[in-house]
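> Build me a model:
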Amino acid sequence: MKYIEEALIRLRMSSHDAHYAGDLVDGAKMLSLFGDLATELLVRYDGDEGLFRAYDMVEFLAPVYAGDFIEARGHLISAGKSSRKMEFEAYRVITPNIEAGESAADLLKEPVLVCRATGTCVTPKDKQRVEHND
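Residues are numbered from 1 along each chain as shown. Presented below is the predicted three-dimensional model:
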């Protein structure tokens, strides 16, 4: 599929992100990353941050822990006069390997999809600073 716009964030989950026992990170952290991706996509497409209107679907597919490196991707898949449909995915790409040493980590051969979502954002017409050939 050809996307209108794409954005990517890669970061490490810290001990401050861990919210539950066993250094488990709250799923809301993935939604926060998706919100940041949506903002970047809107700025790229419209020249304005716009507003996140609603998630249509959210799936938490695997746990995320402190020390995991997460790569989150967002894609603008369609655009109306002011609404923008987006899809998001978050993958674990590196995970700590405490058994190999306190500073050891493993680059995963296959990234693990930990969360995905779709949603709609809105950039009011009077805030759009980029001309589109609709």
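
> what about the most centrally placed residue in the chain, which SS state?
Centroid-nearest residue in the chain: residue 34, 3.2 Å away (criterion: C-alpha atoms, centre = their mean). Following DSSP: H, G, I helix; E, B strand; the rest coil, the label given to residue 34 is helix.

> And what about residue 126, helix, strand or coil?
Of the three states, residue 126 takes helix under three-state DSSP.

> And residue 111, by the same measure?
Residue 111 falls in the strand class when you classify it by three-state DSSP.

> is it true that it touches residue 94?
No. Using C-beta atoms under 8 Å, residue 111 is not in contact with residue 94, being 9.3 Å away. In short, each C-beta sits where N, CA and C put it, glycine included.

> on that earlier part again, I figured the residue nearest to the centre of the chain hits residue 116, correct?
No. With contact defined as C-beta under 8 Å, residue 34 and residue 116 do not form a contacting pair (9.3 Å).

> so what sits against both of these two?
Shared contacts of residue 34 and residue 116, defined by C-beta atoms under 8 Å, 6 or more residues apart in numbering, are found at 88, 90.

> follow-up on the earlier one: identify the residues contacting the residue nearest to the centre of the chain.
By C-beta under 8 Å, 6+ apart, residue 34 lies in contact with 72, 74, 88, 90, 117, 119.

> what pLDDT does it get?
Here the pLDDT value assigned to residue 34 is 98.
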